[in-house]
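Enquirer: sharing a model prediction with you, sequence too.
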Amino acid sequence: MRIAMFTETFLPGTDGVITRLLATLRHLAEDGHEVLLFAPAGGPETYASAKVVGLPTFRFFLYPEKPFAFPRRLVGKAIREFQPDLIHVLNPAFLGLGGIYYARKWNIPLVASFHTNVPAYARHYHLDWLEPVLWWYFRSLHNRAEINLCTSRAMQTELERQRFKEVGLWERGVDVELYGSAKRSEEMRKRLMGEEATNSEHRLLLYVGRLASEKGLERLRALLDANPNVHLAIVGDGPHRRPLEQVFAGSQANFVGYLHGRELAEAYASADGFVFPSTTETLGLVLFEAMAAGLPIMAAHSEPTREVLENGAAGVIFDSLDPISMQTAAHSILYDDAVRDSVRNRGYAIAGDLDWEGPTRQLLNHYQRVLANEVKVGRAVHDGRS
């Protein structure tokens, strides 16, 4: 199969969409599929067997640290030369407009996938008036596709409530081999806690993700103030880092920056618990990474997170607006051996059944369904007509 993909984010960035996309590209290459990927410039020219077409970038105020791109004329030329069987737009907002346009112009089957709940960010930034506008915008883009994929049943329900059409599931995955095989490292633990923190009685909470206002990290300051023996390692970066450094000044928080690959897996293995304070996620792939590493999880309540944690069986769920609820959750995963063992054993079992091959097969099944319903797929582009 020849697949043209459009992504709003790509390497050298780090987020859940990129993690999923990279794993998908590797498995598509192993299965012999050809991929042409359109992405913001700055990343590699190829990945796995996919050719990457980089487009000039700009900054968007809701994601100021990420480069975005608009389609250019060369997109149409590249699609005509590649002659795809199908176009897949991931999180269409800017660059994805090109995929939607050429899919319609040349009668190429179109698949869209929804990964980031941007309308919820508008609410967080007190731009409530913007939320329905954003839902209208994304709905108008996604409803041009034959099928719209999302990554959790909770998000599937929300998209259907927002009148997205033909909503399907593109399930979760995790690199169990990477995160499950890493070993605890005292050197990494010191790096995460800060060189001066060497007391073996202290506990280490780990956060991995983007540093942005909507992630709710500020609320963790009260947790550290009430528990002087608890340290917080913040792995990641983003536009909110400087304000967060001010919030956590004088506390037991340590800003580590980005970690990747083996180092990131070692960080999971070297912590005592994982904290996930965000309530705006569509899935939260880092939860599965923590599960695969055998790390007990505490997470703020949201419907997608509750789904991932099986209503509390695989992690302790707290109310993000209730400091007592957060304190109780932290005590449970750091000091209560019965709770620690219960949630991490269930989490490890969930992660043990996951990989990226299964979600890629599921994606290919969605592709095949779309192609089967389009008898005259892509005839205009293959015939060379415009």
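Expert: Perfect, I can see it now.

Enquirer: what about the strands in the stretch 251-386 of the chain?
Expert: Secondary structure of the stretch 251-386 of the chain (DSSP state E, counting those that start in this stretch): strands at 253-257, 273-276, 297-300, 316-318.

Enquirer: turn those into TSV, columns for distance to Arg344, mean neighbour count and mean pLDDT.
Expert: In this view, the C-beta of every residue, glycine as well, is placed from N, C-alpha and C. TSV is the format used below for these (distance: least, CB to CB, whole Å; neighbours: other CB atoms under 10 Å; pLDDT from 0 to 100):
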stretch	distance to Arg344	mean neighbour count	mean pLDDT
strand 253-257	22	18	97
strand 273-276	9	26	98
strand 297-300	8	26	98
strand 316-318	11	23	98
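
Enquirer: and of those strands, who's closest to Ala267?
Expert: Closest of those to Ala267 is strand 253-257, at 7.6 Å (criterion: CB to CB).

Enquirer: tell me the strands beside the closest one, with direction?
Expert: In the sheet, strand 253-257 lines up against strand 230-235 (parallel) (DSSP bridges).

Enquirer: helix or strand right after the partner strand?
Expert: Next along the chain after strand 230-235, taking DSSP states H and E as the criterion, comes helix 241-247.

Enquirer: list the buried ones in that next one?
Expert: By neighbour count with 16 or more other CB atoms under 10 Å, helix 241-247 contains the buried residues 241, 244.

Enquirer: okay, now Pro40: neighbour count?
Expert: Neighbourhood size, Pro40 [other CB atoms under 10 Å]: 23.

Enquirer: just list whatever residues bridge to Leu37.
Expert: Counting by DSSP bridges, Leu37 is bridged to Met5, Val52.

Enquirer: mean confidence for stretch 30-40?
Expert: Mean pLDDT, stretch 30-40: 98.

Enquirer: which stretches in the stretch 101-250 of the chain count as helices?
Expert: Assigned by DSSP state H, counting those that start in this stretch, the stretch 101-250 of the chain shows helices spanning 118-124, 130-142, 153-161, 176-181, 186-193, 220-226, 241-247.

Enquirer: thinking again about what came up before, so for Val230, which of the strands of the stretch 251-386 of the chain sits nearest?
Expert: Nearest of the strands of the stretch 251-386 of the chain (CB to CB): strand 273-276, 8.9 Å.

Enquirer: partner strands of that closest one, parallel or antiparallel?
Expert: Applying DSSP bridges to the sheet, strand 273-276 is found paired with strand 203-208 (parallel), strand 297-300 (parallel).

Enquirer: pull the residues that contact it.
Expert: Residues outside strand 273-276 that contact it (CB atoms under 8 Å, 6 or more residues apart in numbering): 203-209, 220, 232, 268, 284, 286-287, 290, 295-300, 305, 315, 330, 333-334, 340.

Enquirer: same thing with stretch 6-14?
Expert: Under CB under 8 Å, 6+ apart, the answer for stretch 6-14 is 15, 17-18, 21-22, 37-40, 42-44, 47, 52, 66-69, 87-96, 98-99, 236, 258, 260.

Enquirer: try 7 Å this time
Expert: Under the criterion CB atoms under 7 Å, 6 or more residues apart in numbering, residues 15, 17-18, 21, 37-40, 42-44, 66, 68, 89-96, 98-99, 258, 260 lie in contact with stretch 6-14.

Enquirer: from these, which land in strands?
Expert: 37-40, 66, 68, 89-90 (DSSP state E).

Enquirer: let's have the residues you listed in CSV, adding distance to Phe60.
Expert: Output for those, formatted as CSV (distance: CB to CB, whole Å):
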residue, distance to Phe60
Leu37, 20
Phe38, 17
Ala39, 15
Pro40, 11
Lys66, 7
Phe68, 5
Val89, 17
Leu90, 16
